[in-house]
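1. mind looking at a prediction? Sequence and model below.
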Amino acid sequence: MYRSDDGGESWKFLLKHHIRPYYHGQIEIDPLDPNRIYVVSRDFQISTDGGKTFKERRWQTDGGDDHDLWIAPYDNQIMYLATDQGLRLTVDGGKSVLSFNNMAIGQYYAIGADMRDPYWIVGGLQDNGLWTGPSNSREVRGILNEHNAWVGEGDGFYSQADPTDHRTLYLVNHVGFAMRLNAETREHQFITPNPETILNFREWADPLFPDYMIRYTIYPGEHWFYYGDEERPKLPAQFRFNWNSPLVLSPKNPHTIYFAGNHLFKSTDRGHTWRIVSPDLTTNNPAWRNPSQSGGLSRSVTGGENHCTIVTVAESPLDEAVVWAGTDDGNVQVTRNGGVHWTNVESLMPGAPRYAWVSRVSPSAHQAGRCYVSLDNHRYDDMHPYVYRTEDFGRTWTDISANLPRGSSVYVIREDPVNPDLLFVGHEGGIHFSLDGGSSWLPLMNNLPTVAVYDLLIHPREGDLIAGTHGRSIWILDDLSPLRQWRPELASTPGHFFTPKTATKWLDINTGRKQPFFEFRGENPYPGAKLDFYLPNAASGDTALITVRELAGPHTFSFKMPVQTGLNRAFWNFRLERTPEEIKEYQKQLGRVLNRLEQTVQAEQQKIRLGAIREDWSAARTPRALNEVRAMLLEGFTVYAEGPGFFGKKMEPLEAGAGSYEVEIEIKEARLKQLLHVREDPMKR
């Protein structure tokens, strides 16, 4: 750090400070006191004497990796600070610091989900650890910060939940360190492959490998997870791991897990032991594979610079012997015999840039030999969306980028496990989907903000699309049923009512005012049964009449909603209307109360009041009008009550129970019907 007092003619050295200057390194001068200098970075320094001396900041900001500072020009005690953990504010020069926890700005790298009901999501965030939280809290105030739980420290990355035991989580932090965690007891076991846990290590280890160990400037390791100092042996320099190293579970057996560096590791006992099941699958370029000197004048080696590593891996849902892997230096590798032999098929992709980052490999759940691959080449100043499909294990490829937005690199592609023609991609600007296997794409934004989507997950039971965004936390699109059931011929029908998913009557639980409005509140799923239908030619102002009927009873419920051309989603709130017979019987009950009061009341004014109520009672024809009559009786005549139940209960709306219902949607000449099943909240079992 240097200072010039003559417009740059001469310079004076002040401070040697080289904490990742390309990433940090802002210098801010107090607008009211030019002798106060702030060096904004991971190693935050402050000078009060114009740069003669510097001291470390003593502020307690609940974070680190500071990037920017704004000082109010009218009051230098007011400062806003931008950090990896969010926005901070001090109004007293740093003596106290306020964290803005009301913004959902999490930067997720990778996400997973368990099979609880409702399910929970787990994910790793940029410099904010690993967290898990519910998709539905049942809390009337929404999904609160307190519903989310920290499960590990460090830069968080791949996170997986055992589908057979939600307590078991597999977590990865920066530069390829892995842990298995009991999320309830916080008992954990470090499972990073090492020379003692790799059963065939001696078969692959090369004592003559020419490189030395990567010399990091920020010491990575398993200790980041829980701040312990687990002295376990590490793999030699021959083995490299990416900043974001993939760990995935086998879709066939959740006790089988894969973890990737430049070699692929496989465990069949939840990470207790491993086997190396591949050679080095990267280019193994000696000029790229050891970044120990990266950073130029200010050497910076955090692990984010690591190269020649595997960054995506997936086992085929159809055949556990078929495994795909993609690297950060352009290789797409596939094995059809569990790792005995691997084939690099990248060069067969038409138009694929060499050495592009293989952002995702996604083998099909429908067709053997089919796999989808996305490439991210933005590191070479190329933001083109590269997406490919093979039907023959990579011997030939089809470019399916079609009309995806140019200038928006693709980070993930997913095939729907139900409809083979339904695809989703997450890219730098959001999400697109295809209904025709990638021949064409449509935006899937709705209220999703324009943000980079680094990971997508389709929940295997619920059919929800879960997006891990890099800047706006986690978003969920509830229930993909209408997209899964779409067929091109529906466009020529008067309309179509998609088969609804079983609806759940989730409980509303009020746990009190435990979180202030200043802190963020996520949204629970919209309450009610989802009713999805398609209309090819709705006009402006058109409405649909929706009627729900009990199959095993006389009750119905009708409501109207405005409609549009295309997909429409209505919500039935599980209410049923009272039958005319029930309303008439309730009117009789109130009539008997009036009769008894007229026989009892002696005061003239009260008799007059009863007469007026009798007129209202006679005219009442709806539950609401009858409840108003009851309320007037309670207001003026409770002194005459003659025991329990004298005034009777209020006629509450009838709530539908678990069971089956017929739903009809009327729009112009179209009459669309479907059967709807309703279940109680599983918590009530």
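-> Done, it's in. Residues are numbered from 1 along each chain as shown.

2. low-confidence regions, the stretch 551-685 of the chain specifically.
-> Applying pLDDT under 70 to the stretch 551-685 of the chain picks out no residues at all.

3. helices of that one, residue ranges please.
-> 580-600, 604-619, 623-637 (DSSP state H, counting those that start in this stretch).

4. which ones are touching Glu151?
-> Quick fix: residue 151 is Val, not Glu. 122, 129-132, 169, 171, 181, 183 (Cβ atoms under 8 Å, 6 or more residues apart in numbering). Yep, even glycine has a C-beta here, placed from its N, CA and C like the rest.

5. next step: these restricted to strands.
-> Using DSSP state E, the members of these that fall within strands are 122, 130-132, 169, 171, 181.

6. identify, from those residues, the entry nearest to Arg370.
-> Checking the ones in strands among the contacts of Val151 against Arg370 by Cβ to Cβ gives Val122 as the nearest, at 28.4 Å.

7. unless I'm mixing things up, that closest one is touching Gly112, no?
-> Yes. Using Cβ atoms under 8 Å, Val122 is in contact with Gly112, at 5.0 Å.

8. which neighbours do the two have in common?
-> Joint contacts of Val122 and Gly112 (Cβ under 8 Å, 6+ apart) are 159-161, 169.

9. need those in JSON lines (columns: distance to Ile431 and secondary structure).
-> JSON lines is the format used below for the shared contacts of Val122 and Gly112 (distance: Cβ to Cβ, whole Å; DSSP: H, G, I helix; E, B strand; the rest coil):
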{"residue": "Ser159", "distance to Ile431": "20", "secondary structure": "strand"}
{"residue": "Gln160", "distance to Ile431": "22", "secondary structure": "strand"}
{"residue": "Ala161", "distance to Ile431": "23", "secondary structure": "strand"}
{"residue": "Leu169", "distance to Ile431": "26", "secondary structure": "strand"}
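
10. who wins for neighbours among these?
-> Neighbour counts for those (other Cβ atoms under 10 Å) peak at Ser159, which has 29 neighbours.

11. OK, contacts around that one?
-> Going by Cβ under 8 Å, 6+ apart, Ser159 touches 110-112, 122-124, 130, 132, 169-172.

12. Pro34 and Ser41, how far apart?
-> Remark: distance between Pro34 and Ser41 (Cβ to Cβ, to the nearest Å) = 20 Å.

13. do the same with Thr83
-> Thr83 sits 11 Å away from Ser41, going by Cβ to Cβ.

14. the nearest residue in space to Ile143 that is not next to it in sequence and Thr493: what is the separation?
-> Spatially, and ignoring its direct neighbours in sequence, Ile143 is nearest to Gly522 (3.4 Å; Cβ to Cβ, 6 or more residues apart in numbering). For Gly522, the distance to Thr493 equals 37 Å [Cβ to Cβ].

15. ok, Ala149 next?
-> Distance, Ala149 to Thr493, using Cβ to Cβ: 47 Å.

16. ok, now Arg461?
-> From Arg461 to Thr493 the distance is 30 Å (Cβ to Cβ).

17. quick revisit: dump the contacts of Val151 to JSON lines, plus pLDDT.
-> Converted to JSON lines, these look like this (pLDDT from 0 to 100):
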{"residue": "Val122", "pLDDT": "98"}
{"residue": "Gly129", "pLDDT": "94"}
{"residue": "Leu130", "pLDDT": "97"}
{"residue": "Trp131", "pLDDT": "97"}
{"residue": "Thr132", "pLDDT": "98"}
{"residue": "Leu169", "pLDDT": "98"}
{"residue": "Leu171", "pLDDT": "98"}
{"residue": "Leu181", "pLDDT": "97"}
{"residue": "Ala183", "pLDDT": "97"}
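
18. which of these lies closest to His255?
-> For these, the residue nearest His255 by Cβ to Cβ is Leu169; the value is 14.2 Å.

19. isn't that closest one right up against Ala183?
-> Yes. Using Cβ under 8 Å, Leu169 makes contact with Ala183 at a distance of 5.3 Å.

20. intersection of neighbour lists for those two?
-> Common neighbours of Leu169 and Ala183 (Cβ under 8 Å, 6+ apart) are 132, 151.

21. thinking again about what came up before, most widely separated two among the ones in strands among the contacts of Val151?
-> Farthest apart among the ones in strands among the contacts of Val151 - using Cβ to Cβ - are Trp131 and Leu181, which lie 12.3 Å from each other.

22. those two: which is more packed in?
-> Ranked by neighbour count (other Cβ under 10 Å), Trp131 and Leu181 place Leu181 first, with 24 against 21.

23. just grab the bridge partners of the more buried one for me.
-> In this entry, Leu181 is beta-bridged to Leu169, His188, by DSSP bridges.

24. ok, it to Ile105 distance?
-> Using Cβ to Cβ, Leu181 is found at 25 Å from Ile105.

25. try Val340
-> According to Cβ to Cβ, Val340 and Ile105 sit 46 Å apart.

26. neighbour count: those two, which is higher?
-> Neighbours were counted for Val340 and for Ile105 using other Cβ under 10 Å; Ile105 has more, 15 against 10.
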